[in-house]
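Trainee: no FASTA, just this:
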């Protein structure tokens, strides 16, 4: 818009309408900023779309290019639907990447009146526009229906185009977060699984320590953010075993002093290796939390001999979980201990070796979940399997 | 703005000014969408800020909370500067998170006239505003100087606030990308380093295969995007060795047939483990590329016996790099071969075992970089170090 256009050809009403729309865009940028999550944001955005266009209702479809479908993320006044690419007007727009502006749906061959017949709604005008990412791929489709007082105009298209740029940004942000999280979690799980792969006797240890740790922390009232950190740290706590020779890791007998020192070094290796990972800010403590699962409250643990408050609270949680699982599981050189006895041992060392609150929380979880019986059953099964294997190999 | 405000209190000039600003915001949303990178975007944004506010110049500072500094990312008409948190007006805004609107700089104690003295510029009015992320942390500071015809108004502040929400979004997007990349790369490097840690004789192998592969691919004219994929695949190509017993990996002699079969399985493990990682779309081929570095063009390789076009072109590049480094390096059971001889062997098998284009590209790189001499020197040094170590341990 140039000055002369504004001065000569626009009526006050036109200026007002233009102002309102620009203000919608303005408000939208604040919405995006303030939104706690993508779902909330898109709902707000779509209600702004409907009112700014003067439409009766609007739908936002998210396109899944891999699965070749689109699904209604925000559907005003209709049931959620899933469309194959190319099917329905929104599906056509998703496939072609071209905007459809239909002044009379029932005069247009591409319109399918089935849904109207089912719902009793009468579709008249439709504006259906793709939302594209930076590479030009269609990531979503906006569909507005039944403009009050006529067909959708070119101005409406321009407005929706500007809006769609903002929607794209919000979707991109959210997708990036999601992708980051999935990549990160799957890499950590791949790492964790390689630890168990090297030492079959302790397979399942990593996962059980993770589960026990999370249960203790939940009992203690830790926040979801802390539980997330603990989850990753627990999955990685034994990763340093990668640096311990297999002959020591799987020795079918008691370790010599020299071997035990080599075994203990796995905690240092965990810290060393994980410290090389450039964790985002909120996960920066993971290397320390993970590597300090053998520290004791009285400073008698390893690798750093930290005590009390110098020990990260989540390490103290893991220390309880780790020792409990180690003692209640099979090893090359001994049978598992009775879980009830191990719980008693933890309680006896509560406040000296172990964090008292963590032991209390574990005890509550232990009784609540009937953990002793579950472990006894698991170990009976494992014993039977071991005996069967021994009998078969002669 | 309500209807009644518009109708009763605003002059046409006021409406026009408001319209122009809203259109700036509108244009900005399209800028963000179209921008190829953050630097370009922020430059465009800041020139829009200056003109929409009617200021003489503006500066955008990026805040580094960890380092407690801010630095001018976009500086109009001035040299780039770095400020400690709390120093200078922008530094104060970064520290306090509060907007400063100063109608006369020389009457304000907080203003430091040193820079004016140096540059001969005369600062009069200043509007300095924080850009905050969702958690309320200051991530940037916008500073506009010398509004034409008076002090910055509350309307100017409102406008800049709306703009800052958009700038924050753009920064957040860019930071996320950057963080994702760093996390991903550092995790892959941490993974790669654990392979070498387990098998000291082949330490350095992973990194050399990565370097040779990249040099070959550059000679062949691969795109930066392909080089990135190859870089990651090469770093991870031997990760499956995690599943091969150390006794076999480090055996100081020729492997038996059974042991060799177990050793070959590392290629399967590489594919299996990496397939569990939820790579973003552009990296989805990494598990296959990495795991097929022992495949041969004639189908005689492992683990899948793929041949010719069924083999990913980047796997063919790695096959050349991998075998060249293995043969020119020390092993427990043999000395390294002469690199010139290994090159001749590669050429003899070019088109049958190895991809002809990859071998040609490697030969060009080999001569250009004088690789034969470099490897002979490295191996001489390594031999001397080995002999010294043997002499010392008796």
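Mentor: Structure's in. What do you need? Note that the structure is a prediction, hence the values are computed from the model and not measured.
Trainee: So residue A:233 is in contact with residue A:289, correct?
Mentor: Yes. Here residue A:233 reaches residue A:289: they are 4.0 Å apart, a contact under Cβ atoms under 8 Å. For glycine as for every other residue, the C-beta is placed from the backbone atoms N, C-alpha and C.
Trainee: so how far is residue A:305 from the closest residue in space to residue A:307 that isn't next to it in sequence?
Mentor: Among residues not flanking residue A:307 along the chain, residue A:299 sits closest, at 3.3 Å (Cβ to Cβ, 6 or more residues apart in numbering or on different chains). As judged by Cβ to Cβ, to the nearest Å, residue A:299 and residue A:305 stand 5 Å apart.
Trainee: now do residue A:12
Mentor: In terms of Cβ to Cβ, residue A:12 sits 79 Å off from residue A:305.
Trainee: Tell me where the model's unsure across chain A.
Mentor: A:1-10, A:22, A:25-26, A:28-37, A:173, A:176-177, A:394 (pLDDT under 70).
Trainee: how does it divide into domains?
Mentor: A:3-176, A:199-392 (automatic domain parsing).
Trainee: now do the same end-to-end measure for the last one.
Mentor: Counting by Cα to Cα, to the nearest Å, you get 22 Å between the two ends of domain A:199-392.
Trainee: next one: that domain to chain centre, how far?
Mentor: Its chain's C-alpha centre and that of domain A:199-392 lie 24 Å apart, by Cα atoms, centre = their mean, to the nearest Å.
Trainee: What of the first one?
Mentor: Relative to its parent chain, domain A:3-176 has a centroid offset of 28 Å by Cα atoms, centre = their mean.
Trainee: Need the overlap of contacts for residue A:233 and residue A:289.
Mentor: Residues touching both residue A:233 and residue A:289 (Cβ atoms under 8 Å, 6 or more residues apart in numbering or on different chains) are A:314, A:318.
Trainee: what's the neighbour count on residue A:123?
Mentor: 20 (other Cβ atoms under 10 Å in any protein chain shown).
Trainee: quick check: angle from the helix or strand hosting residue A:196 to helix B:154-198?
Mentor: According to DSSP states H and E, residue A:196 maps onto helix A:154-198. Relative orientation of helix A:154-198 and helix B:154-198, computed by axes from the mean of the first three to the mean of the last three Cα atoms, to 10 degrees: 30 degrees.
Trainee: Helix A:154-198: what's the following helix or strand?
Mentor: helix A:205-219.
Trainee: That following helix near chain B anywhere?
Mentor: No. Using Cβ under 8 Å from any Cβ of the partner chain, helix A:205-219 never reaches chain B; the gap is at least 14.3 Å.
Trainee: what packs against that helix?
Mentor: helix A:154-198, helix A:224-236, helix A:313-327, helix A:356-368 (3 or more Cβ pairs under 8 Å, 6 or more residues apart in numbering or on different chains; DSSP states H and E).
Trainee: Show me which residues of the stretch 151-300 of chain A are close to chain B?
Mentor: Close to chain B, as judged by Cβ under 8 Å from any Cβ, the stretch 151-300 of chain A has residues A:162, A:165-166, A:168-169, A:172-173, A:176-177, A:179-180, A:182-187, A:189-191, A:193-194, A:197-198, A:242-243, A:245-247, A:273-274, A:276-280.
Trainee: ok, of the residues you listed, which come out buried?
Mentor: For those, a neighbour count by 16 or more other Cβ atoms under 10 Å in any protein chain shown gives the buried set as A:162, A:165-166, A:168-169, A:172-173, A:176, A:179-180, A:183-185, A:187, A:189-191, A:193-194, A:198, A:242-243, A:273-274, A:277-279.
Trainee: okay, now residue A:79: neighbour count?
Mentor: Other residues close to residue A:79 by other Cβ under 10 Å number 9.
Trainee: Is it located within a helix, as I assumed?
Mentor: No. Counting by DSSP: H, G, I helix; E, B strand; the rest coil, residue A:79 is not part of a helix but coil.
Trainee: picking that back up, comparing the helices and strands packed on helix A:205-219, which stretch has the densest surroundings?
Mentor: helix A:313-327 (a mean of 24; mean count of other Cβ atoms under 10 Å in any protein chain shown).
Trainee: Quick check: what element follows that one along the chain?
Mentor: helix A:339-348.
Trainee: name the helices or strands packed onto that next one?
Mentor: Checking 3+ Cβ pairs under 8 Å, 6+ apart, helix A:339-348 ends up next to helix A:313-327, helix A:356-368, helix A:371-392.
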